[in-house]
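1. From the sequence below, what's the structure:
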Amino acid sequence: MKNKKYVLLTAIMAILLSLPILCSTTAAKKTDTKTDNTTQQQTAVSEPAGYFKDSGNLNKLTNMINIIQQKFVGKKNPTKQELYEYAMTGLVNGLDDPYSEYLTKKDLESFTEDLDGEYVGVGMSIDKKKDAPLVVVSPFVGSPAAKAGMKIGDKVTKVDKTDIIPLNATETVNLLKGKQGTKVDVEVVREGVKNPFTVTIIRDTIKLEMVESKMLPDQIGYVSLLKFGNHTGAELKKHIEQLQAQGMKGLILDLRSNPGGSLKEAQDISSLFLTQDLVVYLKYKNGQETRYNRTMPSLGNFPLIILVNGGSASASEIVTGAIKDYKRGTIIGQKTFGKGIVQEVIPLEGGDAIKLTVAQYFTPNGNYIHEKGIEPDIKVDMEEVLSIKGYANDSEEARENRMKEIRTYLEKEKGKEETDKIISAGDVQLKRATEEMEKKIK
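-> The predicted structure is shown next:
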């Protein structure tokens with residue numbers, strides 16, 4: 001199965017709308033990614049490389065690699081192939097773009113595994129720029145990272161005592177990878193916590209159920225979409241149709257902490273709710289614009305609410321942006337992450353590839369949300385009470401001590417009565433969404 005996916009991915013262009021990488025055996029972060037741009041990619045690869053014009057610099061690079069291999073003395077003596085890989089990695093890293101990467105054959109295979117949402121790792125999406133800490137965009141629900149206490153916005157500076165600041169995303173993820181059941185220690189800097197602290201995460205096989213659904217009281221349908229992986233559009237369609245068969249009056253689509261995925265899946269999922277054609281359009285370096293329209297039939301004009309937060313990124317923002325622009329539903333929660341650029345996986349000879357930022361994307365109304373995010377129609381802040389103190393021990397005693405300190409902190413700021421409300425309120429964003437839906441369906 002892996003080999004089939006690998007051949008597919010290396011045979012076509014992959015348009016990616018996810019965050020740069022998933023901490024696991026993964027990457028960021030996609031799936032059946034054949035698009036209208038396949039021909040454009042193939043043409044670009046076949047264009048002359050200007051060898052004779054560039055031959056001086058190419059010879060210089062080859063000479064440097066030969067000199068290093070012949071004369072360098074160090075702790076590790078890299079092979080010629082490794083030196084070329086270092087050179088290619090450095091070339092892409094020099095772009096100062098956290099989403100562009102050189103992928104070795106092994107990296108690409110790991111990258112492809114994530115398309116089905118199953119891998120061994122810690123289970124969180126990250127944003128990692130070279131010469132900067134790793135930023136946690138979203139720990140996956142029920143993942144080892146979430147169980148260990150990792151939170152959105154946490155900054156990781158060390159992995160097993162190795163300083164990761166100088167590393168790129170792939171190099172960092174390689175440190176986080178390992179065998180199932182093994183431990184990895186990460187040093188975390190968290191807002192509101194004075195000193196860095198260490199979190200121990202136990203790696204595990206993660207199988208993400210991409211789509212989960214249930215019927216809430218008053219015939220309100222609820223669907224949670226964890227990531228835009230393989231065939232999630234078709235899977236989401238089945239869940240909604242099942243809820244409709246049970247008498248669903250309105251739908252809450254939960255995209256909170258969804259890091260994104262494939263453009264095709266964003267098209268499919270948006271299509272389920274829209275009657276207008278345009279979902280999103282891309283602008284390329286040469287000025288070309290490509291429109292991405294509806295791909296599936298609408299499931300009806302039922303009342304719709306989208307839940308989002310700061311971990312809702314990329315493909316999640318494609319769907320949210322289209323829903324908001326067409327006033328198809330109400331957006332509730334917090335401002336989204338803000339990733340409005342697109343990556344293309346371009347295969348190279350020998351089985352490796354470049355993941356390269358090639359376009360900006362715009363919502364149907366022409367909004368460019370990169371590094372801005374999408375503001376909700378109704379803002380509801382979720383009190384991250386367990387983020388106030390940075391303890392990551394899963395023992396019952398540690399949890400009790402942590403809650404005591406959280407309560408003490410909140411009572412100083414808000415008083416006892418308000419603190420009781422915050423701690424007992426639970427998922428206040430979902431609660432507000434159900435209240436708003438009840439108004440819509442009456």
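2. For Val280, the count of nearby residues, please.
-> Residues within reach of Val280, counting by other C-beta atoms under 10 Å, total 26. For glycine as for every other residue, the C-beta is placed from the backbone atoms N, C-alpha and C.
3. tell me the SS of it?
-> On the three-state scheme (DSSP: H, G, I helix; E, B strand; the rest coil), Val280 is labelled strand.
4. mind checking pLDDT for it?
-> Val280 carries a pLDDT score of 98 in this model.
5. contacting residues for it?
-> Listed by C-beta atoms under 8 Å, 6 or more residues apart in numbering, the contact set of Val280 reads 263, 266-267, 270, 292, 318, 321-322, 361-364.
6. what residue is smack in the middle of the chain?
-> By C-alpha atoms, centre = their mean, the mean C-alpha position of the chain lies nearest to Pro259, the distance being 2.9 Å.
7. Can I take it that that residue is in a strand?
-> No: using three-state DSSP, the assignment for Pro259 is coil, not a strand.
8. excluding its backbone neighbours, what's nearest it?
-> Counting by C-beta to C-beta, 6 or more residues apart in numbering, Pro259 lies nearest to Ser125, which is 3.6 Å off, once chain neighbours are set aside.
9. For the one you found, which residues count as its bridge partners?
-> The partner list for Ser125 in beta bridges (DSSP bridges) reads Leu22, Ser138.
10. hang on, isn't it packed against Val135?
-> No: under the contact definition of C-beta atoms under 8 Å, Ser125 does not touch Val135, with a separation of 10.0 Å.
11. If you count surrounding residues, which of these two has more?
-> It is Ser125, of Ser125 and Val135, that has more neighbours when counted by other C-beta under 10 Å, with 31 against 17.
12. just checking, what's the longest helix in the chain?
-> helix 51-71 (DSSP state H).
13. residues making contact with the following helix or strand past that helix?
-> Of the helices and strands lying after helix 51-71 in sequence (DSSP states H and E), the nearest is helix 80-93. Here helix 80-93 makes contact (C-beta under 8 Å, 6+ apart) with 61, 65-66, 68-69, 78, 100-102, 104, 130, 168, 352, 354, 356.
14. Mark which of those residues are buried, thanks.
-> Burial by neighbour count, judged by 16 or more other C-beta atoms under 10 Å, picks out 65, 100-102, 104, 130, 168, 352, 354, 356 from these.
15. Now intersect those residues with the strands, please.
-> For the buried ones among the contacts of helix 80-93, the ones inside strands are 101-102, 354, 356, with DSSP state E as the criterion.
16. isn't the residue nearest to the centre of the chain right next to Ser316, touching?
-> Yes: assessed by C-beta under 8 Å, Pro259 is found in contact with Ser316 at 7.4 Å.
17. before we move on, back to that, how close does the residue nearest to Pro259 get to Gln242?
-> 28 Å (C-beta to C-beta, to the nearest Å).
18. and the helix or strand where Val342 lies, what does it pack onto?
-> Under the criterion DSSP H and E, the helix or strand holding Val342 is strand 341-347. With contacts defined as 3 or more C-beta pairs under 8 Å, 6 or more residues apart in numbering; DSSP states H and E, the packing partners of strand 341-347 are helix 2-11, strand 14-16, helix 38-46, strand 353-362.
19. between that strand and strand 353-362, how many degrees?
-> Following axes from the mean of the first three to the mean of the last three C-alpha atoms, to 10 degrees, one obtains 150 degrees for the angle between strand 341-347 and strand 353-362.
20. Kindly export strand 341-347 (C-alpha atoms) in PDB.
-> As requested, C-alpha coordinates have been extracted for strand 341-347 and formatted as PDB (Å, rounded to 0.1, in the frame of the first residue of the first chain):
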ATOM      1  CA  ILE A 341       0.200  29.800   1.100                       C
ATOM      2  CA  VAL A 342       0.400  26.600  -0.800                       C
ATOM      3  CA  GLN A 343       3.100  24.000  -1.200                       C
ATOM      4  CA  GLU A 344       3.900  21.800  -4.100                       C
ATOM      5  CA  VAL A 345       5.700  18.500  -3.800                       C
ATOM      6  CA  ILE A 346       8.000  18.300  -6.900                       C
ATOM      7  CA  PRO A 347       9.600  14.800  -7.400                       C
END
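21. Many thanks, I have nothing further to ask.
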